[in-house]
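[1] Here's my sequence, what's the structure:
(one chain, ligands or ions: 2)
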Amino acid sequence: MATGILDDARAISEEIAELRHAIHAEPEIGLDLPKTQHKVLEALAGLPLEINRGESLSSVTAVLRGARPGKTVLLRGDMDALPITERTDLPYSSRVPGAMHACGHDLHTAMLAGAARLLCARQADLAGNVIFMFQPGEEGSGGARLMISEGVLDAAGERPAAAFALHVSSSLLPLGIAASRAGTVMAAADTLHVTVRGRGGHGSQPHCAADPIPAACEMVTALQTMVTRRFDVFDPVVLTVGTFHAGTTDNVIPDDAKFIATVRTFSARTRDLVRDAAVQLVRQIAAGHGLAADAEFVDGYPVTVNDQAEIAFAERTVSEVVGEGRYVTAPNPLTGSEDFSYVLEQVPGAFLMVGACPPDADPATAPFNHSAEAVFDDAILAEGTALYAELAMRRLSAG
Ligand SMILES: [Zn+2]
Ligand SMILES: [Zn+2]
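    Ligands and ions are numbered 1, 2, ... in the order given. The predicted structure follows:
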């Protein structure tokens, strides 16, 4: 059984690649991906699956019921592209200006469809159910949360015992190497929006106005001091002010100054602390200068946390299916974020990165995910498909 799935995945790898290329050439962004959804439905046609489409997004939820009773496992593949104009010379490169599968979600979709086929062929041996979660809107739209609100976690009639997601990487990891870690694997990514409200006037007479700019500058540096002085260095905060806007010319004091920061944290506790601390700091600096500040902390994706037992199981599965030494424990979480975090808040599971860097490129210097030049190699498709299928098959056998 164990070796069979990888062999079968290799046998259908051309079809998996064809699906991947079709999705790649016609990328769609956000929550509404009708063409991608159509391609997935076509790939699943004729399989013994219960299929549901999303209402508020173009998701596909497919449930496979094994011939024998057992638990439920969820496998997730995201399907959306990014607002980037592709600059690769791949034969199947994007035909849509301003849209590109630069995060490899085309591979996830194709591998998950391939895994559905392989598992359907093993329906008679399957003890339990598999939920295939084809998800739009990972890149900022929170598609996973919407699918949860539309019932993906209950699609098989009971909560999954475990949930798994794979994510390809065009750089950093050599081709075929899987990497993850127990506990936090990706950051929470929230946003701090600040408007400092003063009173405009002539630049030569600041005492007659209420200048928001020096106070806003003080906030930017004070936020960095807050990060280093008030947070544990081993449970860190990354705070970057990425936009700062005020004023029109040299001799006019503006009415207000605005800035926005991204705030990354690695535990729910620190996330809660920084949410309050950052807002208080900004407001009190404003008050100290006789100004007011509107400060809003907007929640993005939460921390992605792998379950200890499920990541240990996933590590064993990688080693047994594709080979010893093919799993490496990541020393640190990634500072990016992932909306599979919403699934892992409710279901124990694991999120794994998988190297898809072309074999002739150096992972250290290859264009990274979200680059207009990012290239993900088809050679990962068969193994990725087999890993998805084996994670479900073996996890259900474990009971
Ligand atoms: Zn991405
Ligand atoms: Zn991604």
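[2] Check which residues of the strand or helix carrying residue 130 are buried.
    For residue 130, the host element (DSSP states H and E) is strand 127-135. For strand 127-135, burial by neighbour count (16 or more other Cβ atoms under 10 Å) applies to 128, 129, 130, 131, 132, 133, 134, 135. C-beta: built from backbone N, CA, C; applies to glycine.
[3] Redo those residues as TSV? Include distance to residue 34 and pLDDT.
    Shown next, in TSV, are these (distance: Cβ to Cβ, whole Å; pLDDT from 0 to 100):
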residue	distance to residue 34	pLDDT
128	32	98
129	27	98
130	25	98
131	22	98
132	19	99
133	18	99
134	13	99
135	15	98
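[4] What are the boundaries of the helices in the stretch 251-399 of the chain?
    Using DSSP state H, counting those that start in this stretch, the helices of the stretch 251-399 of the chain run over residues 268-288, 308-322, 340-346, 381-398.
[5] These: which one's closest to residue 254?
    Residue 254 lies closest, by Cβ to Cβ, to one member of the helices of the stretch 251-399 of the chain: helix 268-288, at 14.7 Å.
[6] Would you mind putting the CA coordinates of the closest one into CSV?
    The C-alpha trace of helix 268-288 is given here as CSV (Å, rounded to 0.1, in the frame of the first residue of the first chain):
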residue,chain,number,x,y,z
ALA,A,268,-1.6,34.3,20.6
ARG,A,269,-0.5,35.7,23.9
THR,A,270,2.1,38.2,22.5
ARG,A,271,-0.4,39.0,19.7
ASP,A,272,-2.9,40.0,22.4
LEU,A,273,-0.3,42.1,24.3
VAL,A,274,0.9,44.0,21.3
ARG,A,275,-2.6,44.7,20.1
ASP,A,276,-3.2,46.8,23.3
ALA,A,277,0.3,48.0,23.9
ALA,A,278,0.7,49.5,20.4
VAL,A,279,-2.6,51.3,20.5
GLN,A,280,-2.0,52.7,24.0
LEU,A,281,1.5,53.9,23.1
VAL,A,282,0.4,55.8,20.1
ARG,A,283,-2.5,57.4,21.8
GLN,A,284,-0.4,58.4,24.8
ILE,A,285,2.3,59.9,22.7
ALA,A,286,-0.3,62.0,21.0
ALA,A,287,-1.8,63.1,24.3
GLY,A,288,1.6,64.0,25.6
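[7] just to revisit the earlier point, would you mind finding the most buried of the helices of the stretch 251-399 of the chain?
    By mean neighbour count, with neighbours taken as mean count of other Cβ atoms under 10 Å, helix 381-398 ranks first of those at a mean of 25.
[8] What is that helix packed up against?
    Judged by 3 or more Cβ pairs under 8 Å, 6 or more residues apart in numbering; DSSP states H and E, the packing partners of helix 381-398 are helix 2-11, helix 13-25, strand 68-78, helix 105-120, strand 127-135, strand 162-169, helix 308-322, strand 349-355.
[9] thinking again about what came up before, can I get the helices of the stretch 251-399 of the chain in TSV with distance to residue 206 and mean pLDDT?
    Conversion of those to TSV gives the following (distance: least, Cβ to Cβ, whole Å; pLDDT from 0 to 100):
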stretch	distance to residue 206	mean pLDDT
helix 268-288	16	98
helix 308-322	57	98
helix 340-346	46	98
helix 381-398	61	97
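[10] can the ones you listed go into a markdown table with extra columns for distance to residue 254?
    Shown next, in a markdown table, are the helices of the stretch 251-399 of the chain (distance: least, Cβ to Cβ, whole Å):
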| stretch | distance to residue 254 |
| --- | --- |
| helix 268-288 | 15 |
| helix 308-322 | 51 |
| helix 340-346 | 38 |
| helix 381-398 | 52 |
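[11] So for residue 195, which of these sits nearest?
    Closest to residue 195 of those is helix 268-288 (Cβ to Cβ; 9.8 Å).
[12] List the contacts of the closest one.
    Applying Cβ atoms under 8 Å, 6 or more residues apart in numbering, the contact partners of helix 268-288 are 188, 190, 192, 194, 196-197, 215, 218-219, 222-223, 226, 230-232, 235-237, 239, 261, 263, 265, 292-293, 295-297, 302-303.
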